[in-house]
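*Asks:* Sharing a sequence plus its predicted fold:
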Amino acid sequence: MLQNFRIEIKWAVIYTIAYTLWMYFEKKMGWHDSKVLLEPLYNLLFLPISIFLIGLALFDKKRNHYKNEIDWKKGFISGIILSVLITVLNPVVLFITHNYISPDFFTNAINASVDEGLPLEKATARYNLNTAISNSVFDRLSFGVVISATISYFIRTKNN
């Protein structure tokens, strides 16, 4: 059974590494410091990379598992499995990011929010690891499903 999902596991790990590197890039760009409140917008810049990586994963599945014959449903199911695996691995990225790459992220976000007029209690509730993990679960699954559905449509084998 696990053998059937070897490609999805491989690409989920690749995605996780890429996203960890992206977090390091964000930190180096100052998006976790002085521009911390704009970080969610900057994080959307990773979306084309996500589309590219999910596309590569589905092409890999089509080529190496289905021998270049795939319909939309098979591609979509593979994409959903990939999205779930990415979602399961994403807390690891967040742990690494907020403990090693950018340990001051939440403090910076809370302070910047308070400076913008948000009460400290609300800022503290909004910027913490648990909230980040909850948000990432929704984001990874929803974006993954939409991206997978779209890419599966374009890579499906056309019947004449």
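*Replies:* Structure's in. What do you need?

*Asks:* Helices along the protein, start to end?
*Replies:* Under the criterion DSSP state H, the chain contains helices at 6-28, 39-43, 47-64, 72-96, 105-115, 120-126, 129-155.

*Asks:* in the last one, what counts as buried?
*Replies:* It stands for helix 129-155. Within helix 129-155, the residues scored as buried using 16 or more other CB atoms under 10 Å are 132, 136, 140-141, 143-144, 147-148, 151-152, 155. In short, each C-beta sits where N, CA and C put it, glycine included.

*Asks:* quick check, nearest of those to Gly79?
*Replies:* Ser148 (2.3 Å; CB to CB).

*Asks:* can you list the helices of the chain in JSON lines and add mean pLDDT?
*Replies:* Listed next are the helices of the chain as JSON lines, based on pLDDT from 0 to 100:
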{"stretch": "helix 6-28", "mean pLDDT": "97"}
{"stretch": "helix 39-43", "mean pLDDT": "92"}
{"stretch": "helix 47-64", "mean pLDDT": "96"}
{"stretch": "helix 72-96", "mean pLDDT": "96"}
{"stretch": "helix 105-115", "mean pLDDT": "96"}
{"stretch": "helix 120-126", "mean pLDDT": "96"}
{"stretch": "helix 129-155", "mean pLDDT": "94"}
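
*Asks:* Quick check: closest non-adjacent residue to the residue nearest the centre of the chain.
*Replies:* The chain has Arg140 as the residue nearest its centroid, 4.9 Å off, counting by CA atoms, centre = their mean. Nearest residue to Arg140, sequence neighbours excluded (CB to CB, 6 or more residues apart in numbering): Thr87, at 4.2 Å.

*Asks:* Same question for Arg156.
*Replies:* Using CB to CB, 6+ apart, the closest residue to Arg156 is Trp72 (4.7 Å).

*Asks:* For the residue nearest to Arg140, the count of nearby residues, please.
*Replies:* Neighbourhood size, Thr87 [other CB atoms under 10 Å]: 18.

*Asks:* And the nearest residue to Gly55 once chain neighbours are set aside, how close does it get to Val88?
*Replies:* Nearest in space to Gly55, with sequence neighbours left out and distances taken as CB to CB, 6+ apart, is Ile151 at 5.0 Å. Look at Ile151 and Val88: by CB to CB, to the nearest Å, they are 20 Å apart.
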